[in-house]
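Novice: Predicted coordinates and the sequence they were generated for:
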Amino acid sequence: MTVYFDHEKLNVYKRSIEFINLVEKYLSSINKNSNIYYQLDRAANSISLNIAEGKENIQQKTNANSLISQGVQH
């Protein structure tokens, strides 16, 4: 699998993708018009999206701190 973003390297992100696949298998046996289908689908996808967003926020803060420290040194 080709990695395009840093969060894709995280084990927790990889596990969240596995969880999505597991939920999708379960959802195939549930009526797509039911509330539980919609909630489980959204929740499963939300996990990986939150991990990706959190990693991006951490990286932005790290980059900002790096730039600030470089500015102080010059």
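Specialist: That came in fine, so what should we check first? Numbers count the residues shown, from 1 in each chain.

Novice: all contacts plus neighbour counts: C-alpha atoms, from now on.
Specialist: OK.

Novice: can you count the residues close to residue 36?
Specialist: Neighbours of residue 36 under the rule other CA atoms under 10 Å: 13.

Novice: That one sits in which helix or strand?
Specialist: Following DSSP states H and E, one finds residue 36 within helix 35-73.

Novice: I'd like the average pLDDT over that helix.
Specialist: Averaging pLDDT along helix 35-73 gives 74.

Novice: start at 212 instead
Specialist: All right, first residue 212 from here; so that's helix 246-284.

Novice: residue nearest the centroid of this structure?
Specialist: Nearest to the geometric centre of the chain sits residue 259, at 2.7 Å (CA atoms, centre = their mean).

Novice: Is it correct that that residue is in contact with residue 228?
Specialist: Yes. Here residue 259 reaches residue 228: they are 6.7 Å apart, a contact under CA atoms under 8 Å.

Novice: Contact partners for residue 262?
Specialist: The contact partners of residue 262, taken as CA atoms under 8 Å, 6 or more residues apart in numbering, are 218, 223-224.

Novice: residues of stretch 222-238 that come out buried?
Specialist: 224, 227-228, 230-231, 234-235, 238 (16 or more other CA atoms under 10 Å).

Novice: same question, stretch 250-261
Specialist: Quick answer for stretch 250-261 (16+ other CA under 10 Å): 251, 255-256, 258-259.
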